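**Student:** A structural model of the following input is requested.
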Amino acid sequence: MPTDPANGPTAFDMTMPARRGIQSVTTGFRVLAALAAEPESATLGTIAARAQLSASQAHRYLASLIAAGMAHQDAASGLYNLGPQAIQIGLAALARTDVFAEADPEIADFVRKTGRTTLIAALGPLGPTIVRWHAGRIPVSTSLSVGSVLPLVGSATGHVFLSFMRDDEAEGAIAHLVPAAAHRRTREVAAIRGKVRAAMSASVDELLIPGLRATAVPILDIQDRAALAVTVMATPAFARRDDAAVIEKLKNTCKQLTERIGGRWSKPFISRRK
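**Tutor:** As a prediction, this is how the structure comes out:
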């Protein structure tokens, strides 16, 4: 603490916050975060660039992280990845995360700012099920309510869940729903899944309910599945010209929630079976 040579600590210094961070620890966690942000093992240069450090600085911090079990370096390739201790900490954090508890206040805030009625759905045993309904400034008159089950193929919400299932799960779900038209529906669903994954959203216009347009956005978990789908709705009372900005705001909200629960919003989707 700076002092006055005659009187010791100055009055100004005494008002400084007592709690101060340790810069080396902060920088170390920057390196760890940079490592975690990579979808696979990474080079020293990649990690240094993401952490905004020189290669020599990043190397020193990585050595300490490896010693603590937070990072690992492959002896053959020299590439770095998360270590067992970091994985254990991450799993412990996930076990303490309630996705709905994280999402609900954020979606309520989204509704306050946009005025749009928005629902949150989870994938239940009967299909996508509404678990929360946030009414907007202009009410949406519909038979849907908390507990309603939405169709996988005939709703924006269903399209989101369908798009982030494993391939075999999606095929089984469609074959179960419409066995007589399974081949045609498989092609239709493949097109839906590709479109939704590219846009990170699904939109329908009067498909489920006349006069109602809806866009659903996923909140993805660590396995790239839709833990929840958030669907914003609009009637003709809302100008279509405003839809793009509202949807972008919802995507940003869901992206932040995805990252908060350990998911990767920007990770390329890989076709997955068993």
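**Student:** shouldn't residue 115 be in contact with residue 136?
**Tutor:** Yes - with contacts defined as Cβ atoms under 8 Å, residue 115 counts as touching residue 136 at a distance of 4.9 Å. For every residue, glycine as well, the C-beta is placed using N, CA and C.
**Student:** quick one: which of those two has more around it?
**Tutor:** Set side by side, residue 115 and residue 136 give different neighbour counts by other Cβ atoms under 10 Å, the larger being at residue 136 (19 against 14).
**Student:** check what pLDDT the nearest residue to the more buried one once chain neighbours are set aside gets.
**Tutor:** The shortest distance from residue 136 to any non-neighbouring residue, by Cβ to Cβ, 6 or more residues apart in numbering, is to residue 117 (3.9 Å). Here, the pLDDT recorded for residue 117 equals 92.
**Student:** and what of residue 216?
**Tutor:** The pLDDT attached to residue 216 in the predicted structure is 97.
**Student:** and the helix or strand harbouring it, how far out from the chain middle?
**Tutor:** The secondary structure element spanning residue 216 is strand 213-220 (assigned by DSSP states H and E). Relative to the chain's own centre, strand 213-220 is displaced by 12 Å; criterion: Cα atoms, centre = their mean, to the nearest Å.
**Student:** report the angle between the axes of the helix or strand just after it and strand 213-220?
**Tutor:** Tracing the chain past strand 213-220, the next element assigned as helix or strand by DSSP H and E is strand 226-234. If you take axes from the mean of the first three to the mean of the last three Cα atoms, to 10 degrees, strand 226-234 sits at 160 degrees to strand 213-220.
**Student:** what is the strand or helix carrying residue 246 packed up against?
**Tutor:** Using DSSP H and E, the secondary-structure element containing residue 246 is helix 243-260. For helix 243-260, the packing partners by 3 or more Cβ pairs under 8 Å, 6 or more residues apart in numbering; DSSP states H and E come out as helix 99-114, strand 213-220, strand 226-234.
**Student:** list the buried residues of it.
**Tutor:** Residues 243, 246, 247, 250, 251, 253, 254, 255, 257, 258 are the ones in helix 243-260 that count as buried (16 or more other Cβ atoms under 10 Å).
**Student:** just give me the closest of those residues to residue 162.
**Tutor:** residue 254 (16.8 Å; Cβ to Cβ).
**Student:** ok, the nearest residue to that closest one once chain neighbours are set aside - how many residues close by?
**Tutor:** Spatially, and ignoring its direct neighbours in sequence, residue 254 is nearest to residue 217 (4.5 Å; Cβ to Cβ, 6+ apart). Taking other Cβ under 10 Å as the neighbour definition, residue 217 ends up with a count of 30.
**Student:** tabulate the helices and strands packed on helix 243-260 (TSV), appending distance to residue 69.
**Tutor:** Supplementary listing: those in TSV, determined by distance: least, Cβ to Cβ, whole Å:
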stretch	distance to residue 69
helix 99-114	28
strand 213-220	28
strand 226-234	29
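**Student:** right, and the helix or strand after the helix or strand of the chain with the lowest mean pLDDT?
**Tutor:** None of the helices or strands of the chain scores lower by mean pLDDT, DSSP states H and E than helix 11-14, at a mean of 38. The element immediately downstream of helix 11-14 (helix or strand, assigned by DSSP H and E) is helix 23-37.
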